[in-house]
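[1] sequence first, predicted model second:
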Amino acid sequence: MSAVGETAQLASILQTASLLVTCGPGGVGKTTGAAALGIAAARRGRRVVVVTVDPARRLADALGIDVDAKMFEPHEVTGVGAAGGSLEALMLDAETTFDRMIIERAGDEAKAAKILANPVYRSIAGSLAGAQDYMAIERLHQLHSSGLYDLVIIDTPPSRDAIDLLEAPERLMRFLGHPIYRALTMPSRSFAKVANAGTSAFLWIVRRLAGPRLVEDTVEFFRSLSGMEQGLRQRAGEVADLLRADSTSFVLVSSPRSEAIDESTHLANAIIDGGFGLDAVVINLVHPLPPALDDSLDLDALGEGPLAEHVAYHRELLALATSERHEMAALTDVVSGVHVTEVPLLEIDVHDIDGLTRLAALLVGE
Ligand SMILES: Nc1ncnc2c1ncn2[C@@H]1O[C@H](COP(=O)(O)OP(=O)(O)O)[C@@H](O)[C@H]1O
Ligand SMILES: [Mg+2]
């Protein structure tokens with residue numbers, strides 16, 4: 001495959017997309033790649049914000065994100081924009097994102113404050129199953145609709161299964177439609193009447209585990225959500241639509257290792273089957289393919305010296321690079337028609353702005 005055609009595709013996505021989601025298995029360079037793509041787009045004159053989920057400390061430092069100070073609001077990364085472009089960065093926090101959503105939906109401040117102070121809310125906001133996934137997307141929606149940016153890039157959370165992220169809005173909608181949830185949100189009188197076996201067994205368990213005070217808090221929490229439910233469901237629906245919009249691009253990042261390729265292949269199918277726009281694949285950390293040496297070269301004849309070591313190393317690298325190309329073929333077959341960009345495993349430190357800029361150039365084919 002010619003590098004030029006493939007990388008040109010990523011460059012044009014950066015020029016036209018308004019949302020970009022980097023996804024893929026752990027450790028393949030999603031967070032680093034999201035930052036590098038942000039730099040590339042800012043250099044092309046776009047106003048970009050990058051939402052990082054789990055930035056390594058040195059990457060966070062390079063982006064000016066103070067992890068200890070919990071920098072959950074966007075702030076400018078200096079010296080990377082050009083021609084009117086700019087880059088802002090932040091890290092994602094599921095809890096404050098959830099708070100913002102409640103404040104927006106509650107309608108009045110007193111109601112919002114009451115919900116936010118509820119201990120049950122506090123524990124759910126942090127740990128509701130899939131909350132991290134959903135919150136990443138919810139945050140993306142907030143930034144996208146703020147009108148402040150041309151392009152929002154979101155890095156995805158380290159998740160057991162990256163597919164969780166794609167299904168998060170639908171899962172939240174299901175949660176809001178769950179019978180226990182509905183029973184709990186009914187007005188008190190009808191609630192008392194219909195508190196059926198299932199619901200009271202549920203409350204009995206909560207009471208046993210957590211004491212009566214928490215039961216009151218739980219019931220109050222769910223009740224205080226009533227009236228907002230419709231709005232929350234509508235928002236989850238909007239988020240689900242936004243993920244499938246034409247202007248949203250998924251960039252699947254992988255490495256050429258077999259486990260990563262398996263996981264990416266699975267994810268690529270889920271993205272395509274779910275009706276999302278898989279617009280580019282990046283295979284990162286690829287070992288360069290060394291030119292073939294004369295096979296007839298007799299290692300023994302070279303003795304023990306440095307030359308024998310070099311030749312042995314060359315052969316190892318060749319074997320590794322060749323097997324990586326076999327692995328990669330399994331993924332490129334599944335995503336036929338989608339542009340694939342290979343990025344070499346670099347010897348340089350990719351954590352600082354120089355390294356990220358170099359990575360950006362490789363990604364867009366500069
Ligand atoms: N092309 C590359 N060459 C060398 N190191 C890389 C490259 N891309 C990423 N890295 C390094 O790989 C590690 C994992 O990257 P990260 O972006 O945190 O992965 P993920 O977010 O997918 O878990 C980081 O230390 C990063 O600096
Ligand atoms: Mg990451």
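    Arrived safely. Ligands and ions are numbered 1, 2, ... in the order given.
[2] would you mind listing what in the stretch 1-150 of the chain touches ligand 2?
    Residues of the stretch 1-150 of the chain found near ligand 2 (C-beta under 5 Å from the ion) are 30, 31, 54. Glycine gets a C-beta too; all of them are placed from N, C-alpha and C.
[3] please redo it, this time with the cut-off set to 6 Å
    30, 31, 53, 54 (C-beta under 6 Å from the ion).
[4] report pLDDT for the third one.
    In other words, residue 53. Per-residue confidence (pLDDT) for residue 53: 79.
[5] pLDDT wise, what is residue 88 at?
    Note for residue 88: predicted pLDDT of 96.
[6] near ligand 1 too, which of the residues of the stretch 1-150 of the chain next to ligand 2?
    30, 31 (C-beta under 6 Å from any ligand atom).
[7] which stretches of the stretch 51-200 of the chain form helices?
    Ranges of helices in the stretch 51-200 of the chain, per DSSP state H, counting those that start in this stretch, are 57-62, 94-106, 109-117, 119-127, 131-145, 163-176, 179-184, 188-194, 197-210.
[8] so what's the residue count around the nearest residue to residue 257 once chain neighbours are set aside?
    In space, and not counting its chain neighbours, residue 257 is closest to residue 327: 6.9 Å by C-beta to C-beta, 6 or more residues apart in numbering. Neighbourhood size, residue 327 [other C-beta atoms under 10 Å]: 18.
[9] how far away is residue 327 from residue 345?
    Using C-beta to C-beta, to the nearest Å, one gets 14 Å for the distance from residue 327 to residue 345.
[10] for stretch 297-312, buried residues please.
    308, 311 (16 or more other C-beta atoms under 10 Å).
[11] phi first, then psi, for the residue nearest to residue 257.
    Dihedral pair for residue 327: phi -60, psi -50, per degrees, to the nearest 10.
[12] so residue 311 sits against residue 295, correct?
    No: in this structure, residue 311 is not within contact of residue 295 by C-beta atoms under 8 Å, at 11.0 Å.
[13] so what's the residue count around residue 97?
    Count around residue 97 with other C-beta under 10 Å applied: 24.
[14] in contact with the spatially closest residue to it that is not a sequence neighbour, which residues are there?
    Of all residues not flanking residue 97 in the chain, residue 135 sits nearest, at 4.3 Å (C-beta to C-beta, 6+ apart). Neighbouring residues of residue 135 by C-beta atoms under 8 Å, 6 or more residues apart in numbering: 92, 93, 94, 97, 98.
[15] so residue 358 lies in a helix, does it not?
    Yes: under DSSP: H, G, I helix; E, B strand; the rest coil, residue 358 falls within a helix.
[16] and it, how far from residue 346?
    7 Å.
[17] who has more neighbours, those two?
    Per other C-beta under 10 Å, whichever of residue 358 and residue 346 has more neighbours is residue 358, with 18 against 13.
[18] what's near enough to touch the more buried one?
    346, 348, 350.
[19] go through these and name the one nearest residue 316.
    residue 346 (19.3 Å; C-beta to C-beta).
[20] got a list of what the closest one touches?
    So residue 346 contacts 355, 358, 359 (C-beta under 8 Å, 6+ apart).
[21] so whichever residue of the stretch 201-350 of the chain sits closest to ligand 2: helix, strand or coil?
    Closest approach between the stretch 201-350 of the chain and ligand 2, counting by C-beta to the ion: residue 253, at 9.6 Å. When classified by three-state DSSP, residue 253 comes out as strand.
[22] shouldn't it be in contact with residue 36?
    No: Residue 253 is beyond contact range of residue 36, at 10.7 Å (criterion: C-beta under 8 Å).
[23] quick one: low-confidence parts of this protein?
    Residues of the chain meeting the criterion pLDDT under 70: 1-8, 94-95, 123-134, 158-165, 172, 175-228, 299.
[24] would you mind finding the longest strand in it?
    Counting by DSSP state E, the longest strand found in the chain is strand 278-286.
[25] elements contacting that strand?
    If contacts are counted by 3 or more C-beta pairs under 8 Å, 6 or more residues apart in numbering; DSSP states H and E, strand 278-286 sits against helix 3-16, strand 248-254, helix 258-273, helix 306-334, strand 339-344.
[26] close to ligand 1, is the third one?
    No: for helix 258-273 and ligand 1, the contact criterion (C-beta under 6 Å from any ligand atom) is not met; the two come no nearer than 9.4 Å.
[27] which of the residues in that helix are buried?
    Going by 16+ other C-beta under 10 Å, helix 258-273 has these buried residues: 260, 261, 263, 264, 265, 267, 268, 270, 271, 272.
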